[in-house]
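Trainee: Mind folding the following:
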Amino acid sequence: MTGSTTLDVVLGLVFVYLLYSLLTTILQEALANVLSFRAKFLQKAIIRMLEDENAKTADTLLNRIGAFFRVIFRKNVTSQSLPLTEAFYNHPLIKYLAEDDYKNKPSYLTSRNFSQAMLDLLKGNDFAAGDDPGKFIKTALESGVTQWKSNGKPVQINAETLSYLRALWADAQGDVAKFRTALEEWFDVTMERTTGWYKKHTQGVLLILGFLIAMLFNVDTIKLAGTLSKNPELREQVIRQADNYIKTHKDLLKEGDQKTEASLQRLQKRADSLLKTDIADVNKALGIGWKCTSVKEHENKCFHGKDVCIRSHLRIDTIIGWLITAFALSLGAPFWFDLLNKLMKLRGTINSGKDDGKETNSSKPTPTNIKG
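Mentor: Numbering: from 1, shown residues only. I've put the predicted structure just below:
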């Protein structure tokens, strides 16, 4: 393949990856919504802050894999009894931020929510207007139990958390306002780390969903690359679709950067629109799917149907093609949208250079022979 052909093939693949990664991201967001991924990672962060010593498990690959799937399939990230975390989540300020009894833990907390709940746990139920909060907090930190009674009993603070809280109290010199600020800074730092955990988990979910989508729609990268490389008219058609898509979806990255949770209804609408328009068009152009490639040979045989013919497609290289597609989709739509923009600009620059060269050549005067 020439350099221009290679660039066009890559552009076609990138456009396909963009459309299907959008679908993958929509499905991932729907899963995150239904299965409360954000709430579970927030819970994991709170446990890490308040109960790390009580929630430790062996750091093995098997445990990490188990933790990954536990976030997906379990309502809570741990089955262990963690009294301080339970008291924290049962605090009215935190409890009533949750959506309902099923989604009984909030997806988001502010640092102010965290610090207020922690101060209340330390001060206790008996704290009244006019009382010195520092005295109550100091008593809790010295005794190692909260003054707030959960189920009628004070809650033991585990040793590592207690040591850290005592250190924060000492640094604040017993000043409640400074202690509150220190608690909020602790929460903010932990949330930065939690964002990293969530992104890693999302990457894993996208990889699994990417493979399922590649298999369901038969998006075989190896086959697509071969099809595009052999058909210049098809390449031009797909590139025109890609160029039109960029022009009509300039705000795609801004939409992807929104941090608000989309409703299931909105996500379903976006997925339906994507499948019926852009993905349908590119599937038709590139022949993506499970249509039979040899009806006479496969008819009335196993794994052959009118709309789905596994015999026509299922080979070792097909599975490898799906795996390549799955990895590509796991990179996310913003990555492919940005790359598609850059490649389209590069292609425009190259074509512009070729046009300039043609004009220069055509403007040269025709040489004449001088008779002497």
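Trainee: only C-alpha atoms for contact and neighbour calcs from this point on.
Mentor: Noted.
Trainee: which phi and psi does residue 146 have?
Mentor: Backbone geometry at residue 146, expressed as degrees, to the nearest 10, gives phi -70, psi 150.
Trainee: now swap in residue 108 and tell me
Mentor: With angles defined as degrees, to the nearest 10, residue 108 sits at phi -140, psi 150.
Trainee: And residue 142, how close does it get to residue 135?
Mentor: Per C-alpha to C-alpha, to the nearest Å, residue 142 is found 11 Å from residue 135.
Trainee: What of residue 128?
Mentor: From residue 128 over to residue 135 (counting by C-alpha to C-alpha), the distance is 12 Å.
Trainee: The top helix by length along the chain packs against which elements?
Mentor: Taking DSSP state H as the criterion, the chain has its longest helix at helix 176-217. In terms of contacts (3 or more C-alpha pairs under 8 Å, 6 or more residues apart in numbering; DSSP states H and E), helix 176-217 is packed against helix 3-34, helix 37-50, helix 111-123, helix 159-171, helix 316-330.
Trainee: got a markdown table for the ones you listed, with mean pLDDT and distance to residue 186 too?
Mentor: Below are the helices and strands packed on helix 176-217 laid out as a markdown table (pLDDT from 0 to 100; distance: least, C-alpha to C-alpha, whole Å):
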| stretch | mean pLDDT | distance to residue 186 |
| --- | --- | --- |
| helix 3-34 | 90 | 26 |
| helix 37-50 | 90 | 9 |
| helix 111-123 | 93 | 9 |
| helix 159-171 | 93 | 10 |
| helix 316-330 | 94 | 32 |
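Trainee: right, and those helices - which one's nearest residue 272?
Mentor: Set against residue 272 and scored by C-alpha to C-alpha, those come closest in helix 3-34, at 9.3 Å.
Trainee: Buried ones in stretch 317-336, by neighbour count?
Mentor: 318-319, 321-336 (16 or more other C-alpha atoms under 10 Å).
Trainee: Stretch 196-211 too?
Mentor: Buried, per 16+ other C-alpha under 10 Å, within stretch 196-211: 198, 201-203, 205-211.
Trainee: And these, which two are furthest apart?
Mentor: Distances among the buried residues of stretch 196-211 were taken as C-alpha to C-alpha; the most separated pair is 198 and 211, at 20.1 Å.
Trainee: Tell me the confidence at residue 267?
Mentor: In this model, residue 267 is scored at 77, pLDDT.
Trainee: where does it fall, phi/psi-wise?
Mentor: Here is the backbone geometry of residue 267 (degrees, to the nearest 10): phi -60, psi -40.
Trainee: who's in contact with the residue lying closest to it once chain neighbours are set aside?
Mentor: Counting by C-alpha to C-alpha, 6 or more residues apart in numbering, the nearest residue to residue 267 once its immediate chain neighbours are dropped is residue 26, at 6.2 Å. Residues near residue 26 by C-alpha atoms under 8 Å, 6 or more residues apart in numbering: 267, 270-271.
Trainee: So among the residues you listed, which ones count as buried?
Mentor: For these, buried by 16+ other C-alpha under 10 Å: 267, 271.
Trainee: wait, what's in contact with the residue nearest to residue 327 when sequence neighbours are not counted?
Mentor: Using C-alpha to C-alpha, 6+ apart and skipping residues adjacent in sequence, the residue nearest residue 327 is residue 207, 6.0 Å away. Contacts for residue 207 (C-alpha under 8 Å, 6+ apart) come out as 326-327, 329-330.
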